[in-house]
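> sequence and computational prediction follow.
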Amino acid sequence: MSHHNHGAGHVVDVAIVGGGGAGLNLVLALDHAARTSGRPAPSIALVDPVRRSGQDRTWCWWARPEEQPEWVDPLLTRSWPTMRLVNAEGAPSSYDLAPLRYQMLRSADLYAAADSALERLGAIRITAPAQSVSDGMPHAVVRAGDERVMASWVFDSRPTRPTGPASTTLLQHFRGWIVRFAPGSAALDENVATLMDFSVPQPRRGVAFAYCLPLSPDSALVEYTEFSPAVLEPERYDEALRAYLTRAFDGVAYTVEEVEDGVIPMTDATFARRTGDRLFRLGTAGGATRASTGYTFSAMQRQAAQIAELLLQDRLPVPPRPYPLRHRWMDAVLLRALDRGYIDGPGLFAGLFARQPSERVIRFLDGTSTPADELAIMSSTPTPAMMRSAVEDAAVRVRRTLGIR
């Protein structure tokens, strides 16, 4: 192989561009699949401008413990078997999540596990941004810094523009505090996660709620979240969190130990999962974020496990569709109804849990429900509002197909 002046070239089976949740899920899935199947893992290069470590974000999701990969369990910070929901009037309801549970994984633990997996796999790490990714035969080429990676397959998780237009785009934006209360003062039940407390003041468009995930008897991750068209001034999140904590904990004193902010796009636009013969998209860039909820982690995990399986069998590793097409349609209808104010968001979510088995509602929110689940769920949503939204959504799609803007 000729070494030109543009630096060394690496030849690998798989190049992973972007070392966030989606890229590292694939690393962990490949490591796990190779160890459990006894088949050799593909050679890997990971390209990311940052060598990630430490605590910079938290992922939470619902899972059936027996259905998730074995590598996940030891990494979890906490899991909760019971969920609490507080409606707009402040009335609480508790739901036993069995056979599911809600669980939390902190980035520091994911990054450390991925570091060990990359070492076991003998991966090449290139700490530079990818300047270009080009398809080609017999290899795709990733250029990063003065390095060149030639790969049979490239999985790219960098943020990207959608390939299809959106009728509705809301943002899920939040600030989370890890708070510590004076010992014995907060009386937190460590088995109960408050996942949606709608008694916070609601925005003019969209919906807002607070979360409270107990980490110990005296500490919790408390988050203020909005699904709305635009992010707020930073101090507004702090005001909302302070007001929530004062009300929920009767003015008990606390200290804030960590702060985390995030913005997740909730859009019914489409994202391509394959962008070339050898180029694939992962994570949010590949459509893994559920439009109506912002949940991403379990879809990234499902995708990673399936891709790892295909790679080890030497089959075409096309990322599976994160969600069925009918879910994309339901998401579009739900988003439009929330955004245009046809439905009362707190009433919708609280009503679903009140009228349906919690496991069914969660399967729907997570994107793993069956058509039967969805018919049941639709029957307990406000019909006129949803119909109005569905009809408008259909009209937009028809106009778009006919080229009428």
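Sure thing, it's come through. Residues are numbered from 1 along each chain as shown.
> remind me what the helix or strand hosting residue 265 packs against, helices and strands.
Assigned by DSSP states H and E, residue 265 belongs to strand 254-267. In terms of contacts (3 or more Cβ pairs under 8 Å, 6 or more residues apart in numbering; DSSP states H and E), strand 254-267 is packed against strand 169-181, helix 234-248. The way it works is simple: take the backbone N, C-alpha and C, and place the C-beta from them, glycine included.
> adding mean neighbour count, write those out as TSV.
As requested, the helices and strands packed on strand 254-267 are arranged in TSV below (neighbours: other Cβ atoms under 10 Å):
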stretch	mean neighbour count
strand 169-181	21
helix 234-248	16
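> just put these in CSV and tack on mean pLDDT and distance to residue 321.
Formatted as CSV, those follow (pLDDT from 0 to 100; distance: least, Cβ to Cβ, whole Å):
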stretch, mean pLDDT, distance to residue 321
strand 169-181, 94, 21
helix 234-248, 95, 34
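> closest to residue 397 out of the ones you listed?
The closest of the helices and strands packed on strand 254-267 to residue 397 is strand 169-181. By Cβ to Cβ, the value is 15.8 Å.
> helices or strands next to the following helix or strand past the closest one in the packing?
Using DSSP H and E, the helix or strand that follows strand 169-181 towards the C-terminus is strand 192-197. Contact here means 3+ Cβ pairs under 8 Å, 6+ apart; on that basis strand 192-197 packs against strand 82-86, strand 207-216.
> could you dump the ones you listed to CSV with distance to residue 274 and mean pLDDT?
Output for these, formatted as CSV (distance: least, Cβ to Cβ, whole Å; pLDDT from 0 to 100):
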stretch, distance to residue 274, mean pLDDT
strand 82-86, 36, 95
strand 207-216, 34, 96
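> tabulate these (JSON lines), appending distance to residue 359 and mean neighbour count.
As requested, those are exported to JSON lines (distance: least, Cβ to Cβ, whole Å; neighbours: other Cβ atoms under 10 Å):
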{"stretch": "strand 82-86", "distance to residue 359": "11", "mean neighbour count": "20"}
{"stretch": "strand 207-216", "distance to residue 359": "20", "mean neighbour count": "21"}
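> those strands: which one's closest to residue 57?
Residue 57 lies closest to strand 207-216 among these, at 14.2 Å (Cβ to Cβ).
> before we move on, back to that, need the helices and strands packed on strand 254-267 in JSON lines (columns: distance to residue 71).
Putting these into JSON lines (distance: least, Cβ to Cβ, whole Å) gives the following:
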{"stretch": "strand 169-181", "distance to residue 71": "25"}
{"stretch": "helix 234-248", "distance to residue 71": "33"}
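> which residues in the stretch 201-350 of the chain form helices?
For the stretch 201-350 of the chain, applying DSSP state H, counting those that start in this stretch gives helices covering 234-248, 297-312, 325-339, 345-355.
> let's have these in TSV, adding distance to residue 256.
Shown next, in TSV, are these (distance: least, Cβ to Cβ, whole Å):
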stretch	distance to residue 256
helix 234-248	9
helix 297-312	25
helix 325-339	30
helix 345-355	26
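> so who does residue 271 touch?
160, 162-163, 281, 284-287 (Cβ atoms under 8 Å, 6 or more residues apart in numbering).
> which of the residues you listed lies closest to residue 105?
residue 284 (16.8 Å).
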